[in-house]
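Colleague: okay, structure incoming, though there's no sequence with it:
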């Protein structure tokens, strides 16, 4: 395999592997949180809009949620935001919270819990596929060259 092709293969497969490992760790952390978390019913009390500190004109909206746990009310702002509010004020939502620190809470939604591991895993798969695809393409081209060379050599004989 040519040196550049080998470098591209190693680079993309390496990045893909590291990215998939990161996705796996993120997935395991989220799964552990969901399994050990307290559960409560919450209510969206507001959609907090902002530009994320970037100065962009586009805004993202994050739901602010109130829930009751351990005899107290807690309020948190979801880490998952979108350009259009995902929840309306007064929507009921299921909340997972850390029993040791109920202020650490997340809405039970795909975007809040599983979006990051899904995106990271997808990127890892794509990088790995690019590396493996490039390897297979180089291998195919080399076999084709060898086959053509052997056919030309046989014709000459």
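Modeller: Good, I have the coordinates. Source: prediction; values computed, not measured. Numbers count the residues shown, from 1 in each chain.
Colleague: how far does the biggest strand by length in the chain sit from its chain's centre?
Modeller: Criterion DSSP state E: the longest strand present in the chain is strand 38-50. Averaging C-alpha positions (CA atoms, centre = their mean, to the nearest Å) puts strand 38-50 23 Å from its chain's average.
Colleague: need the next SSE after it, C-terminal direction.
Modeller: Later in the chain than strand 38-50, the nearest helix or strand by DSSP states H and E is strand 60-69.
Colleague: that next one - contacts with which helices or strands?
Modeller: Under the contact definition 3 or more CB pairs under 8 Å, 6 or more residues apart in numbering; DSSP states H and E, strand 60-69 sits against strand 38-50, strand 72-77, strand 92-98, strand 101-107. (Glycine included, C-beta is placed from N, CA and C.)
Colleague: neighbouring strands - and their directions - for the longest strand of the chain?
Modeller: Strand 38-50 has the following strand partners under DSSP bridges: strand 60-69 (antiparallel), strand 92-98 (antiparallel).
Colleague: out of those, which is the most enclosed?
Modeller: Most buried of the strands paired with strand 38-50, by mean neighbour count (mean count of other CB atoms under 10 Å): strand 60-69, with a mean of 19.
Colleague: list the contacts of that one.
Modeller: 38, 40-52, 73-87, 91, 93, 95, 97, 102, 105, 107 (CB atoms under 8 Å, 6 or more residues apart in numbering).
Colleague: who wins for proximity to residue 25 among the helices and strands packed on strand 60-69?
Modeller: strand 101-107 (17.2 Å; CB to CB).
Colleague: parallel or antiparallel, which strands does that closest one pair with?
Modeller: Here, using DSSP bridges, strand 101-107 pairs with strand 92-98 (antiparallel).
Colleague: could you give the angle of the strand it pairs with to strand 72-77?
Modeller: 100 degrees (axes from the mean of the first three to the mean of the last three CA atoms, to 10 degrees).
Colleague: quick one: average pLDDT of strand 92-98?
Modeller: For strand 92-98, the mean per-residue pLDDT is 95.
Colleague: average pLDDT for the host helix or strand of residue 119?
Modeller: According to DSSP H and E, residue 119 maps onto helix 115-156. Average pLDDT, helix 115-156: 77.
Colleague: of the contacts of strand 60-69, select the buried ones using a ChimeraX command.
Modeller: To isolate the buried ones among those in ChimeraX, judged by 16 or more other CB atoms under 10 Å, type:
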select :40,42,43,44,47,74,76,78,80,81,85,86,87,91,93,95,97,102,105,107
